[in-house]
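K.L.:
This is a predicted model, with the sequence first.
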Amino acid sequence: MTVHGTAYRMIPTGGCPHADNARLLAASTVTPVVLPGEVRGTAILGHDALREFLTHPDVAKDARYFTALHDGQIAEGWPLLTFATVPGMTTADGDDHRRLRSLVSRAFTAGRVEQLRPRVEELTDRLLDDVEDAARAGGGVADLYRHFAMPLPLGVISELLGVDAEHRETLHELSNQVGATDISPEKAIAANRDLVALLAGIAAARAERPGDDLTSALIAAREEDGDRLSQEELIGTMLLMIHAGHATTLRLIGNAVRALCAHRAQLDLVGEGGATWSDVVEETLRWDAPVSYFPFRYPVRDLTVDGTTIPAGTPVLAAYSAAGRDPAAHGPDADRFDVTRPRRPEATRHLSLGHGVHFCLGAPLARLEATIALERLFARFPDLDVTVADAELPRVPSFVGNGVTRLPVRLKAAAA
């Protein structure tokens with residue numbers, strides 16, 4: 001943990017957040033932080049404090065409230081700039097937020113997502129074949145990240161958006177760079193430029209040849225009523241859907257596999273019917289949230305949260321990974337992975353998919369994908385195990401995302 005004065009200096013390269021979170025949370029539920037570029041901000045770590053902040057009427061998402069940005073303190077190529085300024089529902093408030101969210105919400109209702117189950121199951125089984133082939137070629141070891149955890153949600157969200165297979169790997173690589181917090185200004189600028197250009201090309205192709213996909217529907221909505229969706233909002237919405245639509249889920253799957261392999265008794269409980277795969281997904285979301293510190297929200301006036309005053313215009317990080325292990329909300333054993341943990345009342349459930357009007361739109365899809373992926377993975381390979389010590393696995397180069405970028409596993413198929 002690095003402290004700058006009384007502020008915690010965010011680590012651009014990321015890493016496992018839990019030890020630092022515990023130390024910070026033991027001192028306060030709200031802490032000042034130093035962001036890349038010496039930008040001062042605040043992180044909210046406590047579950048109850050974060051829950052209150054996420055729904056406070058004097059908290060905004062629009063970057064026009066970001067004081068340092070408008071005072072010229074934010075340089076071009078700042079690694080967090082896209083999170084603050086991308087046009088779309090994650091940077092909009094009030095009527096603008098409702099307008100943008102309504103354009104895509106119909107695709108992510110529980111009923112519409114359930115209709116995707118057969119396709120998710122089909123893709124899962126095909127990717128498990130790929131994992132087995134990779135292990136056979138690799139002496140029994142395969143990278144579960146590359147062959148399974150990443151291509152499953154990327155494939156699903158790409159099909160929903162009408163993205164051709166030829167673009168998917170590039171979209172994954174570019175969205176990873178856009179989400180990185182250790183990236184140089186030059187690389188950040190280039191990644192954003194290339195990603196916007198690629199998405200604009202995909203949108204143009206869908207405009208020329210509309211299909212039964214979300215991008216075509218968004219374009220049609222814009223053409224029917226030009227005030228509903230600008231070109232910038234279209235690209236921003238596509239960027240959000242591609243990035244959030246696969247990065248969160250791939251880390252959720254990877255984090256769950258790592259947790260189960262490190263807690264074999266918990267895996268056995270699921271196999272014996274003592275817990276469900278849905279329990280595994282929810283406990284993973286709480287215990288090892290795939291999004292660690294999510295940027296940004298801004299108080300529109302000086303705001304006191306759990307005794308700490310946050311000045312107006314301060315960029316605030318939602319520390320989901322810390323809130324998930326807050327003993328005040330989840331009990332003295334909050335740092336223990338336990339798939340039989342009682343489901344708590346709504347007031348103390350995890351916040352790892354957000355809360356309030358900005359609750360993750362893709363939550364039903366992420367839960368469906370992760371549940372199917374884990375159930376079928378361990379049904380086919382019940383003795384699957386990670387071959388590298390957890391501390392040696394390469395981490396996402398970001399304090400926003402929480403997960404690994406490689407997951408070598410050894411397989412053993414279920415007996416016929």
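P.N.:
Yes, it's here.
K.L.:
which sections of the stretch 1-150 of the chain are below the confidence cut-off?
P.N.:
Within the stretch 1-150 of the chain, the ranges that satisfy pLDDT under 70 run 1-5.
K.L.:
run the last query once more with 90
P.N.:
Where the stretch 1-150 of the chain drops to pLDDT under 90, the residues are 1-6, 103-112.
K.L.:
which stretches of it form helices?
P.N.:
Applying DSSP state H, counting those that start in this stretch to the stretch 1-150 of the chain gives helices spanning 18-27, 47-54, 67-70, 81-85, 94-105, 110-114, 117-137, 144.
K.L.:
Please identify the helix or strand for residue 280.
P.N.:
helix 277-287 (DSSP states H and E).
K.L.:
Give me the distance from that helix to the chain's centre.
P.N.:
15 Å (Cα atoms, centre = their mean, to the nearest Å).
K.L.:
got it, and stretch 229-242?
P.N.:
With Cα atoms, centre = their mean, you get 17 Å for stretch 229-242.
K.L.:
what does that stretch rub up against?
P.N.:
82, 86-91, 100, 103-104, 157-158, 160-161, 163, 171, 175, 178, 195-196, 199-200, 202-203, 214-215, 218-219, 221-222, 362 (Cβ atoms under 8 Å, 6 or more residues apart in numbering). (Glycine included, C-beta is placed from N, CA and C.)
K.L.:
Narrow the residues you listed to those that are buried.
P.N.:
Buried by 16 or more other Cβ atoms under 10 Å: 82, 86-91, 100, 103-104, 157-158, 160-161, 163, 171, 175, 178, 195-196, 199, 202-203, 214-215, 218-219, 221-222, 362, out of those.
K.L.:
Report how many residues lie close to residue 36.
P.N.:
18 (other Cβ atoms under 10 Å).
K.L.:
From residue 180, how far off is it?
P.N.:
When Cβ to Cβ, to the nearest Å is the yardstick, residue 36 and residue 180 sit 11 Å from each other.
K.L.:
Same question for residue 60.
P.N.:
On the measure of Cβ to Cβ, residue 60 and residue 180 end up 25 Å apart.
K.L.:
do the same with residue 143
P.N.:
Residue 143 is 20 Å from residue 180, by Cβ to Cβ.
K.L.:
next one: residue 363
P.N.:
According to Cβ to Cβ, residue 363 and residue 180 sit 24 Å apart.
K.L.:
The stretch 251-400 of the chain: strands as residue ranges?
P.N.:
Under the criterion DSSP state E, counting those that start in this stretch, the stretch 251-400 of the chain carries strands at the ranges 293-299, 303-305, 308-310, 316-319, 385-386.
K.L.:
Put together TSV for those, with mean neighbour count, distance to residue 358 and mean pLDDT on each row.
P.N.:
Converted to TSV, the strands of the stretch 251-400 of the chain look like this (neighbours: other Cβ atoms under 10 Å; distance: least, Cβ to Cβ, whole Å; pLDDT from 0 to 100):
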stretch	mean neighbour count	distance to residue 358	mean pLDDT
strand 293-299	23	9	98
strand 303-305	17	17	96
strand 308-310	17	18	96
strand 316-319	27	10	98
strand 385-386	18	34	97
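K.L.:
would you list the ones you listed in JSON lines and tack on distance to residue 250?
P.N.:
Below are the strands of the stretch 251-400 of the chain laid out as JSON lines (distance: least, Cβ to Cβ, whole Å):
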{"stretch": "strand 293-299", "distance to residue 250": "16"}
{"stretch": "strand 303-305", "distance to residue 250": "32"}
{"stretch": "strand 308-310", "distance to residue 250": "32"}
{"stretch": "strand 316-319", "distance to residue 250": "20"}
{"stretch": "strand 385-386", "distance to residue 250": "16"}
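K.L.:
looking at these, which is closest to residue 32?
P.N.:
strand 308-310 (8.5 Å; Cβ to Cβ).
K.L.:
Partner strands of that closest one and their direction?
P.N.:
Partners of strand 308-310 in the sheet, by DSSP bridges, are strand 303-305 (antiparallel).
K.L.:
ok, the residue positioned nearest the centre of the chain to residue 350 distance?
P.N.:
Nearest residue to the geometric centre of the chain (Cα atoms, centre = their mean): residue 248, 3.1 Å. Here the criterion is Cβ to Cβ. By it, residue 248 lies 14 Å from residue 350.
K.L.:
picking that back up, can you pull out the residues in contact with the helix holding residue 280?
P.N.:
Contact partners of helix 277-287, identified using Cβ under 8 Å, 6+ apart, comprise 252, 255-256, 259-260, 266, 270, 324-325, 330, 335, 337-341, 343, 350, 352-353, 367, 370-371, 374-375.
K.L.:
go on, stretch 298-318?
P.N.:
Residues outside stretch 298-318 that contact it (Cβ under 8 Å, 6+ apart) are 10, 28-30, 33, 35, 39-44, 46, 48-50, 52-54, 56, 58-63, 65-68, 84, 293-297, 351, 354.
K.L.:
Please apply the same query to stretch 78-91.
P.N.:
Here stretch 78-91 makes contact (Cβ under 8 Å, 6+ apart) with 12, 35-37, 39, 61-63, 66, 69, 74, 97, 100-101, 104, 178, 180-183, 185, 188, 192, 230, 232-233, 235-237, 239-240, 295-296, 315, 358, 361, 400.
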